[in-house]
Structures are given as structure tokens and as C-alpha cells.
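A.B. asks: Predicted model and sequence below, questions to follow.
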Amino acid sequence: MSEAADALASLISHASRTVVFTGAGISTESGIPDFRSPGGVWSKMTPIYYQDFVASRDKRREAWTRVFNKTAGWTGASPNAGHYAVAKLVSAGKVSSVITQNVDNLHQDSGVPDERVIEVHGNASYARCLKCGKRYELEDLRPRWEADEDITCIFCTGLVKTATISFGQPMPEAEMNRAMEEAVTCDLFLVLGSSLVVYPAAELPIMAKRAGAAVAIVNREETDHDTYADLVLHDEIGPLMTNVLERL
């Protein structure tokens with residue numbers, strides 16, 4: 001791992017603007033299951049599509065039951081060494097932003113300021129009205145779920161849903177625009193724990209490469225993007241990033 005840490009530390013130290021892009025692999029070390037591998041979230045339960053959530057009270061009830069029973073396991077975990085390493089890089093001015101596919105809020109919990117985190121798949125730790133955008137804390141909604149209410153906005157009566165981006169739901173335009181801007185203006189695009197199979201987010205490292213940035217990928221398995229990356233490492237993220245910090 002020392003050679004791997006040396007190589008990644010060298011790329012980071014020579015870059016003037018690094019963007020970190022994270023996927024499920026950085027959070028599995030916190031005990032959060034990934035999505036597609038055997039034993040992952042979608043091998044245990046069927047996704048509820050956005051259109052079904054909107055159309056069916058029963059599907060909404062099922063979705064909220066998953067939230068409050070923590071069936072998916074996306075909330076309640078603590079950041080690990082990988083999250084803390086990224087937070088230290090942000091604090092040190094070496095990372096301009098963290099683009100994440102994760103919905104677990106662990107980058108913010110590790111100390112990355114909200115405004116530096118770009119969540120392209122939303123956030124599972126709170127909810128929003130689908131009509132007016134009003135934010136709701138989950139525990140404030142629990143009594144309404146326990147009372148078997150159809151949870152709607154107290155201001156505009158729109159449907160309330162966790163702030164995650166569900167299958168079939170449009171990607172958040174503002175966040176995607178920010179992510180693309182970060183990708184094309186960085187000189188190092190560092191992928192941590194993403195299989196890079198979910199588009200359009202998986203297009204971001206390609207955009208960065210085309211704009212002249214170096215691309216480094218740290219992931220346990222190979223990705224389809226490895227062939228053009230400047231550095232590919234198959235290591236555990238927490239220990240590797242801890243070693244990288246010691247070299248900067």
C-alpha cells in the first residue's frame with residue numbers, strides 16, 4: 001500500500017484543484033451496504049420507483065416504512081477514516097468540492113461544509129415536499145407515519161418524500177450543473193469507491209479527462225473507466241487515504 005499511497009499523494013500534491021467523487025465503496029467501511037453487489041440493498045428489496053411513489057398511497061406507505069425501520073441501512077452510521085481524510089483535504093484547501101452519489105450525509109458528518117458537498121443522488125437523512133421544496137426532519141414526520149397518515153406538506157399539501165433521488169425521478173439540475181462545472185475546471189478528478197456504472201454521474205470523470213484533468217480511481221473492483229485513468233488502485237479507501245495524508 002505504501003507505493004499506492006505515494007503515487008496518489010504525488011498526484012494530489014501536484015494538483016492545484018482536486019475534485020473528489022465518491023460512491024458506495026467509501027461508505028461500506030462504515031457498515032452501509034452498497035447497492036448492486038450480492039447482499040447489497042437492491043438484492044434484498046425492490047426499489048420503489050418515483051412514479052409509483054407519486055401514484056400510489058400504498059407505495060408511499062411502504063417507502064416511509066422502509067425509512068423509519070431503516071430497512072436500507074443508509075442512515076445512522078458514522079464516518080470512517082476515508083470520510084475524515086477527505087474532510088481534511090477539503091479543510092487544507094487541496095480539494096475544492098466533494099461530489100457524491102451517496103445519500104448517507106457522512107461527508108457532512110465528517111466535517112465537510114454543506115456548501116462543498118454536491119449530492120447528485122440526494123440525501124436520505126431528511127425529507128422535502130415535492131411541490132414547494134419545504135424541508136422536513138424525519139423524526140418530525142414519524143408521528144404522522146405511526147398514525148398511518150399520508151404524509152403531505154403542511155404548507156402546500158404536496159407530497160413529502162425523503163430527499164433521495166429515486167429511480168425514475170429527474171436528476172437535480174442545479175447539483176448536476178455544479179458537478180459538471182467542477183469536473184471541467186479541476187486538474188485532478190479523484191474517484192473513491194464508485195463502480196462508475198450509474199449515468200449521468202459516471203460521465204463526470206470522462207468530462208474531467210477531456211478537459212485536461214488527471215483521473216485517479218480507487219475502487220475494490222475494476223471499472224469500465226480504468227482504461228483512461230492515470231492511476232487505478234484496488235485498495236481499501238480508509239487505510240489508503242490515511243496513508244496519503246501522512247505523505248502530504
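C.D. replies: Perfect, thanks for sending it.
A.B. asks: excluding its backbone neighbours, what's nearest the residue nearest in space to the middle of the chain?
C.D. replies: By CA atoms, centre = their mean, the chain has its centre lying nearest to residue 102, at 2.1 Å. Using CB to CB, 6 or more residues apart in numbering and skipping residues adjacent in sequence, the residue nearest residue 102 is residue 27, 5.5 Å away. Where you see a C-beta, it was placed from the backbone N, CA and C, and this is true even at glycine.
A.B. asks: So that neighbour: helix, strand or coil?
C.D. replies: Following DSSP: H, G, I helix; E, B strand; the rest coil, the label given to residue 27 is helix.
A.B. asks: Isn't it up against residue 104?
C.D. replies: Yes: applying CB atoms under 8 Å as the test, residue 27 and residue 104 come out as touching, 5.5 Å apart.
A.B. asks: so what sits against both of these two?
C.D. replies: Residues touching both residue 27 and residue 104 (CB atoms under 8 Å, 6 or more residues apart in numbering) are residue 77.
A.B. asks: Show me which of these two is the more surrounded one.
C.D. replies: Shown here are residue 27 and residue 104; by other CB atoms under 10 Å, residue 27 has more neighbours (28 against 25).
A.B. asks: who touches the more buried one in this structure?
C.D. replies: Residues near residue 27 by CB under 8 Å, 6+ apart: 34, 77, 80, 83, 102, 104, 106, 193.
A.B. asks: picking that back up, okay, the residue nearest to residue 102: pLDDT?
C.D. replies: Note on residue 27: pLDDT of 94.
A.B. asks: mind checking how far it is from residue 223?
C.D. replies: In this view, residue 27 and residue 223 are 17 Å apart by CB to CB, to the nearest Å.
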